[in-house]
Every structure is written in structure tokens, then in C-alpha cells.
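Colleague: Fold the following and give me the result.
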Amino acid sequence: MRKINNVFYKIFILILVIIFISSFSASYNSLNLDNLAFVVAVGIDKSTSNKLKVTFEFLAPSPSGESGAETKPVLNTVECSSITNGINLMNAYLGKKVNLSHCKLIIFSEELAKDGISDEVYSLINEVQVRPSANIVISKCNTKYYIESSIPSLESLIPRYYQIFPNTTEYTGYTCNATIGDFFNALACNSCAPYAILGGINTSDSTTQAQSTNESTVKSNESPITGSRVSQNIGLAVFKDEKLAGELNAIETICFLNIRKEVDTFLVSIPNPDKPDSKIDIYLTPNSKHKIDVSFVNGAPFIKIKLDFSGKVYSMSKNSQYLNQDTLNSISNSCNTYLESEFSSYLYKTSTVFESDINGFGVYALSKFSTSSEFNNYDWLNNYKNCTFDVDINTIIDSGFLLTQT
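Modeller: Below you'll find the model as predicted:
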């Protein structure tokens with residue numbers, strides 16, 4: 001009897017080993033790294049022969065095989081009726097399974113965005129491999145050209161560059177960290193509107209650059225910057241529902257980020273109170289005293305915004321008297337006037353021109369209604385165009401960082 005039990009035990013163990021090996025082999029065959037093609041960026045354009053033209057950017061293995069070594073980007077484009085079908089066709093073409101788990105950037109062309117991109121965004125969010133943290137860009141040129149032009153000059157790894165550049169929002173305010181997850185949430189939101197990074201390329205058009213002598217008004221495709229990388233990411237793409245409504249330039253993006261409390265420091269050039277034809281560069285830091293209040297006057301939204309900043313004089317000139325308190329007070333007043341004008345202009349642009357509440361003021365308005373049903377019946381997104389704004393700016397300007405008087 002004991003021998004029989006031993007035989008059955010050995011057979012049982014053998015069966016378990018066979019099942020384990022079979023399962024592992026199947027998993028190995030389908031999920032082996034050699035069988036996967038990792039995507040770092042996806043570009044989606046409007047197609048003339050089909051609905052979409054989708055460009056995938058892959059990274060070919062480095063010749064040395066060393067981790068972290070420079071890798072060469074590989075671009076493949078497919079015309080398809082949907083993103084899902086495009087991925088399936090690309091699987092067949094590559095002989096590998098397209099994997100989007102490392103995709104850092106999703107780019108839509110301006111042309112496609114004007115027609116609406118909700119179907120594409122929903123499809124990407126439904127793709128389990130796509131991370132909600134992937135940034136979304138609206139390109140003013142076709143997306144394949146944008147990707148080809150996005151070769152980093154100070155990074156050896158392209159995914160690293162895609163991951164880093166949105167972080168400049170913290171110290172410039174000229175772009176934003178806009179993710180496809182946030183875009184999807186805004187599409188389904190009844191109190192806010194979607195937005196994306198505005199991308200483009202350096203056109204090297206001297207006429208266009210000459211029109212952008214004021215650095216604060218530049219945006220992608222209009223920047224005076226020249227360098228080894230042609231792509232640019234300055235400004236914001238504003239949506240009304242699923243369709244592109246317009247663009248914000250650098251200073252308008254700064255206003256957007258300050259209201260959302262998503263910028264740490266930023267630089268502005270304000271009129272010099274002593275020399276009207278010149279400007280002073282001020283380095284500003286938002287304080288924690290920002291306040292936003294939404295009320296209703298005769299049924300129309302009234303939004304009051306109070307912003308508080310601390311600043312340092314950044315530009316110096318001969319005979320500057322930046323230790324003189326009267327001089328600093330005069331600069332502070334000039335800064336207040338300048339910022340109030342810029343913020344007011346930005347806010348009315350979003351409401352009357354774009355009719356898009358990208359700052360999410362509807363969240364503040366929601367507390368003024370007894371129930372969510374009342375808020376839904378009010379139809380905030382369609383009433384945002386009737387907003388009136390009151391902007392109050394207070395800045396305290398100190399002398400410069402090192403040179404306090406010349």
C-alpha cells in the first residue's frame with residue numbers, strides 16, 4: 001500500500017511540474033521582452049484616405065547592448081480607422097506585440113483636434129497599458145514631423161526628455177504638465193474643461209519672430225529660439241468639450257498656472273515706472289494667500305480672485321536705487337497694474353472667446369448650489385461665457401538677489 005501511495009505521489013508531482021512548465025512556456029512566449037515593441041510616443045493625425053494616421057515611436061536596442069546607452073528612435077506610421085486597429089496592424093507589420101506601458105507622450109495634430117478627439121482619448125484610456133500620467137500635446141504641425149524634431153540635445157535618452165520637459169512649468173510657467181488622465185477626467189466633468197500642452201516646431205521665419213519681440217507673448221511655432229532641437233513646447237491648447245477652441249501664449253499660461261497654484265516661480269517683464277520706454281525683469285514667487293470666490297449676480301457668475309506674490313528685481317542698470325523703499329513701492333505698484341491687466345485679459349479670453357472653463361471655477365461654484373441636480377440644471381459650462389471677473393493683485397518687491405544697489 002505504501003508503494004502504491006508513493007507511485008501516486010510521484011505521478012501527482014510530475015503532473016504539477018508539467019502544468020507549471022507548460023504555463024510558464026506560454027507566458028514566456030507571449031510576454032518575453034524579445035517579443036515586445038515598446039512605444040515611447042504616439043502621434044495621431046487626420047488621414048485623407050482613412051480616418052486616422054498613427055505614428056509610433058519605438059527605441060531600437062543600443063548597438064552596445066548597454067543599459068542607458070544612446071538608442072536610435074524608429075518611427076512607423078499606419079493609416080487606420082481607429083487606434084485599436086492601428087495597433088493591431090502594427091503588430092502584424094513588426095512581428096512583435098506593441099506595448100504602450102512606457103509611452104510618455106501622446107500627440108494630436110491641430111487639424112484633428114479641431115474636429116474633436118474624444119473617441120481617441122477614450123480608446124487610449126481604455127487601453128490598459130496606457131498610463132494616465134502620459135502627457136498630451138497638441139501639435140501645430142503634423143505629429144510625425146513633431147516627433148522627428150524632438151531629438152533632445154542635453155539628454156541621451158528620448159524617454160527621459162519626454163518625461164522632464166513638462167516639469168519646466170514649475171520654474172517658467174510657459175508650459176504645463178498636462179496628462180491624458182486629466183484630459184479624460186475633464187471630458188467627463190461638468191465643472192471644468194480640457195487642456196493640453198501646445199507643441200510645434202521652429203519655423204525659422206524671421207517675419208514671425210519679429211512679431212514676437214515680447215518674450216511673454218511667444219508660443220510654439222513663434223519662439224525666437226534656435227538650436228539643434230527643432231520642436232518647441234510653449235503655451236497651452238484650450239478645448240471646449242472635445243474640440244480645440246484656441247491657444248494661450250506664455251504669459252497667459254502663467255496666469256492659468258497661478259490660478260491653479262501649479263507654478264513655483266516665474267519671470268515677468270513689467271513697465272519701468274521711472275522709464276516708460278523700458279522694462280524691469282521681476283522674479284515672482286506665489287504666496288499661499290491666493291483666494292478664489294464665486295458668487296452669482298442676476299444669475300450670472302461673478303468670480304473674485306485675489307493673488308499675492310513676493311518678488312525680486314532681476315534686471316539691473318546703472319544708477320539703480322533698489323534699496324530705496326519709494327522705488328520698490330513704485331515697482332510693486334507697476335507690477336500690480338501689469339499683472340491685473342494680464343490676468344483679466346486672460347480670464348475674459350477663456351470666457352468670452354473660448355467659452356472654456358479650463359481653470360475649473362465650476363468646482364467653486366458648485367458649493368453655491370443646494371444639490372448637484374441644481375448645479376447640473378444651471379449648466380455651468382454653457383454659462384461660463386457670462387462671467388464677470390474681479391482681479392486683485394498684491395506684490396511685495398524686494399531688492400535684487402546679490403546686487404542691491406549700483
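Colleague: Show me what counts as buried in the stretch of helix or strand residue 85 belongs to.
Modeller: According to DSSP states H and E, residue 85 maps onto helix 83-94. If you call a residue buried by 16 or more other Cβ atoms under 10 Å, then helix 83-94 has these buried ones: 83, 85, 86, 87, 90, 94. C-beta coordinates here come from the backbone N, C-alpha and C atoms, glycine included.
Colleague: export those residues to TSV and tack on pLDDT and distance to residue 253?
Modeller: TSV is the format used below for those (pLDDT from 0 to 100; distance: Cβ to Cβ, whole Å):
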residue	pLDDT	distance to residue 253
83	95	28
85	95	35
86	95	32
87	95	33
90	96	34
94	93	38
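Colleague: Now do the contacts for the spatially most central residue of the chain.
Modeller: Geometric centre of the chain, nearest residue: residue 178, 2.8 Å, by Cα atoms, centre = their mean. By Cβ atoms under 8 Å, 6 or more residues apart in numbering, the contact set of residue 178 is 135, 136, 137, 166, 195, 196, 197, 236.
Colleague: pLDDT score assigned to it?
Modeller: pLDDT, residue 178: 96.
Colleague: Could you pull out the strands in this structure for me?
Modeller: Taking DSSP state E as the criterion, the chain contains strands spanning 36-46, 52-59, 73-80, 97-99, 105-109, 135-139, 195-201, 231-240, 243-248, 266-271, 279-286, 291-297, 300-313, 388-398.
Colleague: Make TSV out of those and add mean pLDDT and mean neighbour count.
Modeller: Putting the strands of the chain into TSV (pLDDT from 0 to 100; neighbours: other Cβ atoms under 10 Å) gives the following:
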stretch	mean pLDDT	mean neighbour count
strand 36-46	95	22
strand 52-59	94	22
strand 73-80	94	16
strand 97-99	94	18
strand 105-109	98	27
strand 135-139	98	28
strand 195-201	95	26
strand 231-240	95	25
strand 243-248	97	20
strand 266-271	94	20
strand 279-286	93	19
strand 291-297	96	13
strand 300-313	96	18
strand 388-398	95	17
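Colleague: Nearest to residue 349, out of the ones you listed?
Modeller: Nearest to residue 349, of all the strands of the chain, is strand 243-248, at 7.9 Å by Cβ to Cβ.
Colleague: okay, the strands of the chain in CSV with distance to residue 123 next?
Modeller: Shown next, in CSV, are those (distance: least, Cβ to Cβ, whole Å):
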stretch, distance to residue 123
strand 36-46, 10
strand 52-59, 10
strand 73-80, 11
strand 97-99, 14
strand 105-109, 11
strand 135-139, 14
strand 195-201, 16
strand 231-240, 17
strand 243-248, 17
strand 266-271, 36
strand 279-286, 37
strand 291-297, 35
strand 300-313, 34
strand 388-398, 37
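Colleague: Which one of those strands lies nearest to residue 326?
Modeller: Taking those one by one with Cβ to Cβ, strand 388-398 is closest: 11.9 Å.
Colleague: how far off strand 266-271 does the closest one point, in degrees?
Modeller: Per axes from the mean of the first three to the mean of the last three Cα atoms, to 10 degrees, the angle that strand 388-398 makes with strand 266-271 is 90 degrees.
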